[in-house]
Each structure stands twice: as structure tokens, then as C-alpha cells.
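Student: Fold the following and give me the result.
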Amino acid sequence: MNQAHNSPDLSGSSVINEASVADAEPGSLHALVLQSLDDDQAQEMVSIPLEGKSSIADHMVIASGRSSRQVAAIAQKLAERIKRAGLGPVRIEGLPAADWVLVDAGDIIVHLFRPEVRSFYNLERMWGFGEVTSA
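Tutor: Numbers count the residues shown, from 1 in each chain. Coordinates of the predicted model:
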């Protein structure tokens with residue numbers, strides 16, 4: 001994991017990487033999100049730093065689950081952990097089908113996909129960072 005993908009942003013620095021808990025500030029919402037996803041065996045986690053580039057959030061995290069059931073479970077556990085930690089309210093969209101679930105935790109937006117759906121929408125590319133290949 002933690003393999004950097006060299007997709008330049010406007011300043012020319014790397015902006016997208018396969019996410020690992022070691023990349024996040026300890027005790028932060030970002031670290032909690034990455035740890036939760038890792039604990040629940042999310043696949044191909046990618047964190048896109050948005051701070052200073054977008055007002056919607058500081059980070060966008062994208063990950064995959066092996067099935068709709070796993071995607072839903074990952075999202076629900078993540079929301080519970082964030083609430084338990086007192087890190088703010090959480091909104092979840094897309095649970096009924098669980099092909100693509102959005103978890104809005106304020107400063108962190110998490111997109112959880114089934115692999116086929118992730119490949120189809122390719123959010124990494126939509127944000128101008130190219131396609132991410134797994135390690």
C-alpha cells in the first residue's frame with residue numbers, strides 16, 4: 001500500500017496516493033477514516049487532498065468493497081466510529097443499493113464502490129488525476 005501515483009496538480013506536486021494510516025495526522029478525522037477502512041478490509045484506498053483546492057472538504061477518500069454487502073457494512077461502521085469519536089455528524093447516501101455509497105463526514109468525503117461501479121465512474125480521473133492502478 002502507500003504507493004504514490006505521480007499525477008501532478010497545478011503546482012506540480014504529487015496529489016493522489018494509495019492511502020495508508022501512516023499518511024494521516026494521528027488522531028485526526030482523516031486517520032480515523034483510513035484506519036476504519038483498513039480495519040474493514042476496504043480495497044484500493046486512495047486519498048485525494050483537497051485542502052486549498054476545493055471548499056467541499058479537506059480530503060476525498062475513495063475505496064472499494066468486494067460486494068454491495070461489504071460496501072454497506074464498511075459505510076455503516078465508518079459512520080458509527082466517527083460519531084462515537086465525537087468528530088461530527090455523518091450523512092450517508094446510497095445505502096439501499098450499496099453500489100456507490102457516499103459518506104459525508106464534513107472535512108472528509110468518502111466514496112465507497114463495488115469495483116465495477118468504481119471503474120465505470122472513475123472519480124480519480126474526473127478530478128483530473130488520471131486512473132489509479134492497484135499495487
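Student: quick one, helices of this structure?
Tutor: 29-39, 68-84, 115-121, 123-126 (DSSP state H).
Student: right, so of these, which gets closest to residue 103?
Tutor: Residue 103 lies closest to helix 68-84 among the helices of the chain, at 5.4 Å (Cβ to Cβ). Bear in mind the C-beta positions are built from the backbone N, C-alpha and C, glycine included.
Student: Now tell me what touches the closest one from outside.
Tutor: Applying Cβ atoms under 8 Å, 6 or more residues apart in numbering, the external contacts of helix 68-84 come out as 29, 32-33, 36-37, 40-42, 63-65, 88-90, 92, 95, 97-101, 103, 105, 110, 112-114.
Student: again, but for stretch 115-123
Tutor: Contacts of stretch 115-123 (Cβ under 8 Å, 6+ apart): 43, 44, 60, 62, 64, 66, 99, 100, 111, 113, 131.
Student: Next, format those as a markdown table and append neighbour count.
Tutor: Converted to a markdown table, the contacts of stretch 115-123 look like this (neighbours: other Cβ atoms under 10 Å):
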| residue | neighbour count |
| --- | --- |
| 43 | 14 |
| 44 | 18 |
| 60 | 20 |
| 62 | 24 |
| 64 | 23 |
| 66 | 12 |
| 99 | 17 |
| 100 | 18 |
| 111 | 22 |
| 113 | 24 |
| 131 | 10 |
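Student: Now, of the contacts of helix 68-84, which are buried?
Tutor: 29, 32-33, 36-37, 40, 42, 63-65, 90, 92, 98-101, 103, 105, 110, 112-114 (16 or more other Cβ atoms under 10 Å).
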